[in-house]
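K.L.:
What follows is a protein structure lacking sequence information:
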DNA sequence: ATGCCCAGAACCTCTGGA
C-alpha cells in the first residue's frame, strides 16, 4: 500500500494534476493540505471518477485538509481533541483530519506557519504542536500496536541541512529551538519520522518557493514529514520524495512524500 | 529547459504563504 502526503496549495487549481499524479504514482491514500476551499467547493467528483473516496474539512479559502483513499475511509474526524484555535475569539481552523484507510489511522496535518517569532501565530504554532503531541502520545499509550501515520506540512525545518542556507532564516520562524523541540518531541511520544530513516541525505527538499527561480536553483526546504508509530514504521520499506511534481506550469510549491507500506 | 510568485476573494489590491 502506498500512503502519500502533499501540500497541494489549492485543490481546485490542481485537482486534475492531483488525480493524474495519484494514478501514475499508484498511490492508495493521499493526505492533502492547503486545499484552500470550503467543503461545498471541494472537487469531489474529480477524485470519485478515478475511484477514490474523499474526506475533507475546510471552512473558507484558507487552510483545508483532506484524505483521499481507494482502500476505504472510515471513522473520519475533523480536528483532533484539544486542537487549539486562533484569533481574538479563538476558532479552530481546518488543519487536521483523521481517517482509517486500509487499516492505518492517517492524519493529514497542516501545522500553523507561525508568521514571525513575535507574532501571536508563533505561540499558536507551538501550542498546536504540543497539543497534537499530547493526543498522539495518548493514542500509542492506549494501543501500542496502533498503526498511526501523522503526515503533512509541519512548517518546521528540523535540521540546518534541511534548508539551502540556514543563515537566510536567522531570526525567522521554522528554525527556532522551540519549534525544533516541538517537532522532535514526537520521537518521545512513540513515533518515528520515516522519511528521514529512508532518505537521510542532506539538502533533500520538499518545498521550493515560487519566487526567484528557487526550484531550478534548488533553493528548497524540507518541511513535509511522516511521523508513524513503531509497528507501522516496521512496515515502511521505502520513501520517495517526488521532485518531478514540482516541474512545469501549474505545480504546487510542495511535492508529494510517498511511503511504501508492506502488507501485514 | 525545472526558468525569474501564486491563489482566493473581489473587483483592486490585499491576505497569506515560507
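P.N.:
Nice, I can see it. Worth saying up front: this structure is predicted, and the values here are computed from it rather than measured.
K.L.:
if I look at the residue most central in space within chain A, how far off is residue A:211?
P.N.:
The centroid of chain A falls nearest to residue A:152 when counting by CA atoms, centre = their mean (0.6 Å). According to CB to CB, to the nearest Å, residue A:152 stands 23 Å off from residue A:211. In short, each C-beta sits where N, CA and C put it, glycine included.
K.L.:
ok, now which ones touch residue A:94?
P.N.:
When contacts are counted by CB atoms under 8 Å, 6 or more residues apart in numbering, residue A:94 touches A:57-59, A:63-65, A:78-79, A:110.
K.L.:
Pull the distance from the helix ranked longest in chain A to the chain's centre.
P.N.:
In chain A, ranked by residue count with DSSP state H as the criterion, the top helix is helix A:120-142. Helix A:120-142 has its C-alpha centroid displaced from the chain centroid by 15 Å (CA atoms, centre = their mean, to the nearest Å).
K.L.:
buried stuff in that helix?
P.N.:
Buried residues in helix A:120-142, counted by 16 or more other CB atoms under 10 Å: A:121-129, A:132-133, A:135-137, A:139-140.
K.L.:
Near DNA strand B, which residues of the stretch 151-264 of chain A? Just list them.
P.N.:
Contact residues, the stretch 151-264 of chain A versus DNA strand B (CB under 7 Å from any atom of the strand): A:153, A:155, A:174, A:207, A:209-213, A:215-216, A:218, A:221, A:223, A:246-251, A:253-254.
K.L.:
which of the residues you listed count as buried?
P.N.:
Looking at these with 16+ other CB under 10 Å, the buried ones turn out to be A:153, A:155, A:174, A:207, A:215, A:221, A:223, A:246, A:251, A:253-254.
K.L.:
Identify the farthest-apart pair in the residues you listed.
P.N.:
The largest separation in those, counting by CB to CB, is between A:174 and A:251 at 21.4 Å.
K.L.:
Just the endpoints, please. Distance across stretch A:27-41?
P.N.:
End-to-end distance of stretch A:27-41 (CA to CA, to the nearest Å): 24 Å.
K.L.:
nope, stretch A:62-76 is what I meant
P.N.:
Counting by CA to CA, you get 21 Å between the two ends of stretch A:62-76.
K.L.:
and it with DNA strand B, contact?
P.N.:
Yes: counting by CB under 7 Å from any atom of the strand, DNA strand B is contacted by stretch A:62-76 at residue A:62.
K.L.:
Show me what counts as buried in that stretch.
P.N.:
Buried residues in stretch A:62-76 (16+ other CB under 10 Å): A:63-71, A:73.
K.L.:
same deal with stretch A:6-24?
P.N.:
A:6-9, A:11, A:14-15, A:17-19, A:21-22.
K.L.:
and these near DNA strand B, which?
P.N.:
Filtering those for neighbours of DNA strand B using CB under 7 Å from any atom of the strand leaves A:7, A:9.
K.L.:
Select from the buried residues of stretch A:6-24 every entry located in strands.
P.N.:
A:6-7 (DSSP state E).
K.L.:
Return the member of the buried residues of stretch A:6-24 nearest to residue A:167.
P.N.:
For the buried residues of stretch A:6-24, the nearest to residue A:167 is residue A:7 (24.9 Å; CB to CB).
K.L.:
pretty sure residue A:245 contacts residue A:255?
P.N.:
Yes: contact status for residue A:245 versus residue A:255: in contact at 4.5 Å, counting by CB atoms under 8 Å.
K.L.:
out of the two, which sits in the busier spot?
P.N.:
The residue with more neighbours, out of residue A:245 and residue A:255, is residue A:255; 25 against 19, by other CB atoms under 10 Å.
K.L.:
picking up where we left off before, what's the nearest residue to the residue nearest to the centre of chain A if we skip its chain neighbours?
P.N.:
residue A:109 (3.5 Å; CB to CB, 6 or more residues apart in numbering).
K.L.:
Who are the contact partners of the closest residue to residue A:246 other than its chain neighbours?
P.N.:
Using CB to CB, 6+ apart and skipping residues adjacent in sequence, the residue nearest residue A:246 is residue A:255, 5.0 Å away. By CB under 8 Å, 6+ apart, residue A:255 lies in contact with A:6, A:206-207, A:224, A:241-246.
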